[in-house]
Each structure stands twice: as C-alpha cells, then as structure tokens.
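Trainee: Compute the structure for the input listed below.
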Amino acid sequence: MQAHARDWRLDQRCANTASGVVGEFVAHSIATAGTADSGSSHVGEPARSGLIAVRLLLMARSLVIQVWDNHESAPTSLSESPFQADIEDWGYDLPRPGRRVVWCVITRQNRGIDDTVRLSPVLPRRERKRYPEPRVLINPLRDIRLLQRVLDGLRSLDRSAEKETNTDHLRRAG
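Mentor: Coordinates of the predicted model:
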C-alpha cells in the first residue's frame, strides 16, 4: 500500500487511512469466513476457500478502495472504526450470488498538483483532408447473371410477403 501511496503522490493522511481501511476490510472478510467442521485436520481452517481481492482506484479528488470476497452477508458498520472521520462514503454490493464487494471513498489532498482538465472556450475545428484522386478508375462489376439472381430473390420476397398479407386478411375475415 505504501508503494502505491508514493507512486500516486497521496498525502500521508490519505495513505494511512487507506492502509487502515484495507486492513479492516480484509480482516473482516477473514473473520466472517467461519471455521471448518470438527473433522478438519487444521484448527481454524476456513470453511470456504476463496479469494479476497483488493482493488484501489485513483480518481481526480478521491481514492476508492474495493475488497471483493465470497460472502453474501452485509458487512458490519464502520461507525466504530478510527478511520471513520476520513472516509467520505462507504457501502457494499452483491454483484452476483457468492460475491460481495465492500467499498469506501477517501478524499485526497492534491499536494499542489492541479489535476483538473481545462478545456478551451472554443473547441478547435477539424480541417477536411484532401485525398488524391485514384490513379486507376474502378470498373463496376457488371455480372448480368448475378444481378438477375438478386432481382429474382427480391421479387420472391415480395411475393411471399403478399401471400402472408392475403392469408392474414382471410383469417381475420373468417
């Protein structure tokens, strides 16, 4: 986590909060996994083997932390967390059965770097490109037999549409 904080130029408060929140979310995922039945060879072995994935998303003004696990229950509240004051928002989602993502948003300081995008008041206009004329003229394909087959196919479509229309009228009238 500290390497990402350095690479992403996060302020110390944001880095400490993110590290603590990731620790809490992962500890909660492990604690709610349960233990195996009494016949298991290892004491405290997780009942369900699963993957816990941590995802960090750096936004313009915030850091989003997501912890994915294989639970289907709501996580406990963050109200007793020492990091609650620094967390802007948090929640959870159940994207599909057997998967849960717990997330939070931490507001970050810019540390003097202006990362806003400024657009000019008038957008630049594109200029139309001039393409050179082709050296060799393309001759259109004039295969009479192919054109006749296409024309016959289109006419048969028209006839089948007329037949369907006529049978629909007869069914309604009868």
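Trainee: what about the helices in this structure?
Mentor: 2-7, 12-31, 144-173 (DSSP state H).
Trainee: Would you mind finding the most buried of the ones you listed?
Mentor: Relative to the other members of the helices of the chain, helix 12-31 carries the highest mean neighbour count by mean count of other Cβ atoms under 10 Å, namely a mean of 17. To be clear about C-beta, it is placed using only N, CA and C from the backbone, and glycine gets the same treatment.
Trainee: can you list contacts of that one?
Mentor: Counting contacts by Cβ atoms under 8 Å, 6 or more residues apart in numbering, the residues outside helix 12-31 that touch it are 1-2, 5, 10, 46, 52, 54, 56, 63, 65, 67, 69, 71, 75-76, 78, 81-83, 86-87, 102, 104, 106-109.
Trainee: what mean pLDDT does that helix have?
Mentor: Averaging the model's pLDDT scores along helix 12-31 yields 87.
Trainee: gap between it and the chain center?
Mentor: Relative to its chain's centre, helix 12-31 lies at 23 Å (Cα atoms, centre = their mean, to the nearest Å).
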